[in-house]
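> Quick one, structure for this:
(chains A and B)
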Amino acid sequence: MFKWSCRVTKAIGILVALVALASCQSYVDTTHPPALTVFAAASLQPPFDNIARQAKVDARFNYAGTQTLTAQLTPGAQADVFASADTAHMKTVQDAGLLTGPSKIFAHNRLEIAVEKGNPKGIHTLADLARPGLVVVLADPSVPAGKYAQQALAKAHVKVHPASLEPQVTGVLSKVSLGEADAGIVYVSDIVTSGKIDGVEVPDDDNVVADYSIASLSHRSAADQFIAFVLSSQGQAILVNAGFEKA
Amino acid sequence: MSEARIPAPLLALAGAGLLLFILPLAGLMLRAPWDQVGGALLAPETGTALGLSLFCSLTATAVALALGIPLALVLARTTGTLRSVLRALTTLPMVLPPVVGGVALLLAFGRRGLIGAPLHDAFGIQVPFTTAAAVIAETFVAMPFLVIAVEGGLRALDRRYEEAARALGASGWKVFLRVTLPLLRPAIFSGAVLCWARALGEFGATITFAGNLPGRTQTVPLAVYIALETRPQAAIVLSLILLAVSLAILIGLRDRWLGV
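This next block holds a predicted model:
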């Protein structure tokens, strides 16, 4: 039998003290946020790391699938800048009333077929992906890259039976570069920066252009400066170097 | 055995520990769209993911029992450096980040892997992206829990029972089956439950090694992760279903097997 004794009362007292101690927030410093916090689509990591170095911004990046970032932002994650791999998720964040400035399209990206170095399976078109026995990996349709891949395949009237639907484009890349998958559909920029795989161009008629958009989520001046640098000729050059197209 | 003997500070810490479990659970329950539970339960994707999760986790537990009990026996009956090395190897998957475990599995059983390459070249078998891969990933991550539990049971075992059986003329195999195994029943049971629970919740190694395809490798944790970003309500419902199924099985098994 559990008795409501003086011990239990004491225990609750200690517990309350512990919680009070924990809520002093000595670890969560909200008064001096040192860095600019940027939530950016995973595919932006190479150019954005570079941009932060060139612009000498003390930025803290959270790179993840755009849909993950959106799921983090809408319930209240704190960030100063949001860079999305599409306009749909930017709209979701905007509709949640989180933007403090207009959203701007700052880069485009196209799809390409990722194959092993040297293209040993001789893949030249999207239609080749339907070849029986070929192991094809795509991004899940909930990820922008997966949604775009689905659109491209539909345009080309190709039906693919993927071996896996990865929750991030990086999953597609690693499975191709490790040799587990024969092919996958990723962004041109992924292939430019990866260096471990080859790309097979998708013709314009079948291709889908991804619009990357950026917006500020706070009134800090550093946020506006960062966005301005991304849109400047210097920032655009870094993006082009990483396989993106100018806005 | 009165609770009043527990000193107040310990009780406070126990309470804090309990809160850590209860609060997230409460969050899940409060945020759950209860009106959608029925629909989600009937959705074919839910059944597919749940069925696959149960199949994979139970198969992984069966494999872990078949391989893990003998392994625990070897661990408990060796001494010195060999034992330390074997022990470290066995517990490695417990400390390894599951995603790293998944990559390691790819490097071993993948098309270019140590064993995977000859397997692929000779028989055309590709392990990754199959249900077998999901079972292997779960076994890899979960088996240590069984081995550790059974090894603990073996160390606490009074070896005189085995010696007596042997003195009466029983063979080594017979002693194992008739004396050692029955005495180990509680340890095997608790180890198997831990192993199964770990396998059921496995995510990182599975998605890395087996990929994510509904009906083949998409277990409930993977389905929850995918749904969390596009259909958060569905993800919560799916989590609750997994939780309810696990609780029902844990409680049901406990009563049946241990009578406590």
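> what's next to stretch B:129-142, contact-wise?
Residues outside stretch B:129-142 that contact it (C-beta atoms under 8 Å, 6 or more residues apart in numbering or on different chains) are A:135, A:163-164, A:180, B:52, B:55-57, B:59-61, B:63-64, B:67, B:93, B:98, B:101-102, B:105, B:109, B:127, B:194-196, B:198-199, B:202, B:205-206, B:208-211, B:213, B:216-217, B:219. For the C-beta atoms, the positions are set from N, CA and C on the backbone; glycine is no exception.
> ditto for stretch B:224-234
Looking at what lies outside stretch B:224-234 - C-beta under 8 Å, 6+ apart - the contacts are A:65, A:67-68, A:70-71, A:140, A:142, A:165, A:167, B:33, B:36, B:40, B:203, B:207, B:212, B:218, B:235, B:238-239, B:242.
> Next step: these restricted to strands.
When strands are assigned by DSSP state E, the members of the contacts of stretch B:224-234 inside them are residue A:165.
> Run a quick neighbour tally on the residue lying closest to residue B:96 once chain neighbours are set aside.
Residue nearest to residue B:96 in three dimensions, not counting chain neighbours: residue B:104, with 7.5 Å by C-beta to C-beta, 6 or more residues apart in numbering or on different chains. A count of neighbours around residue B:104, defined by other C-beta atoms under 10 Å in any protein chain shown, yields 18.
> For the host helix or strand of residue B:104, give the mean pLDDT please.
Applying DSSP states H and E as the criterion places residue B:104 in helix B:98-109. In this model, helix B:98-109 has a mean pLDDT of 95.
> Restrict it to CA atoms and write it as CSV.
Taking only C-alpha atoms (Å, rounded to 0.1, in the frame of the first residue of the first chain), the coordinates of helix B:98-109 have been written out as CSV:
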residue,chain,number,x,y,z
PRO,B,98,21.9,3.0,-35.8
VAL,B,99,22.5,4.9,-39.0
VAL,B,100,26.2,3.9,-38.8
GLY,B,101,25.1,0.4,-38.1
GLY,B,102,23.1,0.6,-41.4
VAL,B,103,26.1,1.8,-43.3
ALA,B,104,28.2,-1.0,-41.8
LEU,B,105,25.6,-3.5,-42.9
LEU,B,106,25.7,-2.1,-46.4
LEU,B,107,29.4,-2.5,-46.5
ALA,B,108,29.1,-6.1,-45.4
PHE,B,109,25.9,-7.3,-47.2
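> And the contacts of it?
Identification of contacts with helix B:98-109 by C-beta under 8 Å, 6+ apart yields A:178, A:180, B:93, B:96, B:113-116, B:119, B:127-128, B:133, B:136-137, B:140-141, B:202-209.
> Buried members of those into ChimeraX, please.
For anyone working in ChimeraX, the buried entries among these, judged by 16 or more other C-beta atoms under 10 Å in any protein chain shown, can be selected with:
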select /A:178,180 /B:93,96,113,116,119,127,128,133,136,137,140,141,202,203,204,205,206,207,208,209
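> ok, back up a step: list buried residues within the contacts of stretch B:129-142.
Among those, the ones that count as buried (16+ other C-beta under 10 Å) are A:135, A:163-164, A:180, B:52, B:56-57, B:59-61, B:63-64, B:93, B:98, B:101-102, B:105, B:109, B:127, B:194-196, B:198-199, B:202, B:205-206, B:208-211, B:213, B:216-217, B:219.
> who touches the nearest residue to residue A:187 once chain neighbours are set aside in this structure?
Distances taken as C-beta to C-beta, 6+ apart place residue A:109 nearest to residue A:187, at 4.5 Å, with adjacent residues excluded. Shown here is residue A:109, whose contacts under the criterion C-beta under 8 Å, 6+ apart are A:43, A:85, A:187, A:188, A:189, A:209, A:210, A:212, A:243, A:244, A:245.
> Report pLDDT for residue A:109.
94.
> now residue A:78, nearest residue through space, not along the chain?
Take residue A:78 and drop its neighbours on the chain: the residue closest to it by C-beta to C-beta, 6+ apart is residue A:37, 6.6 Å away.
> Could you find the closest non-adjacent residue to whichever residue of chain B sits closest to chain A?
In chain B, the residue found nearest to chain A is residue B:211; the distance is 2.7 Å by C-beta to the nearest C-beta. Distance criterion C-beta to C-beta, 6+ apart; nearest residue to residue B:211, sequence neighbours excluded, is residue A:164 at 2.7 Å.
> Just list the residues touching the closest residue to residue B:129 other than its chain neighbours, thanks.
If the residues on either side of it in the chain are set aside, residue B:129 comes closest to residue A:163, at 4.0 Å by C-beta to C-beta, 6+ apart. By C-beta under 8 Å, 6+ apart, the contact set of residue A:163 is A:135, A:136, A:137, A:181, B:128, B:129, B:211, B:213.
> and those residues, which of them are in strands?
Applying DSSP E to those, the entries found in strands are A:136, A:137.
> Let me know the closest of the contacts of residue A:163 to residue A:89.
residue A:137 (22.7 Å; C-beta to C-beta).
> I'd assumed residue A:160 was in contact with that closest one.
No: the criterion here is C-beta atoms under 8 Å, and residue A:137 misses it with residue A:160 at 9.9 Å.
> which one of those two has more residues nearby?
residue A:137 (29 against 20).
> Mind listing the residues bridging to that one?
Beta bridges link residue A:137 to residue A:164, residue A:184 when assigned by DSSP bridges.
> any idea how far whichever residue of chain A sits closest to chain B lies from residue A:139?
The shortest separation between chain A and chain B is 2.7 Å, found at residue A:164 (distances taken as C-beta to the nearest C-beta). The gap separating residue A:164 from residue A:139 is 10 Å, by C-beta to C-beta, to the nearest Å.
> same thing with residue B:102?
If you go by C-beta to C-beta, the gap between residue B:102 and residue A:139 works out to 17 Å.
> swap in residue B:235?
When distances are taken as C-beta to C-beta, residue B:235 and residue A:139 turn out to be 18 Å apart.
> So between the two, which is more surrounded?
Neighbours were counted for residue B:235 and for residue A:139 using other C-beta under 10 Å; residue A:139 has more, 29 against 19.
> does the residue of chain A closest to chain B really touch residue A:146, like I thought?
No: here residue A:164 lies out of contact with residue A:146, judged by C-beta under 8 Å, at a distance of 11.1 Å.
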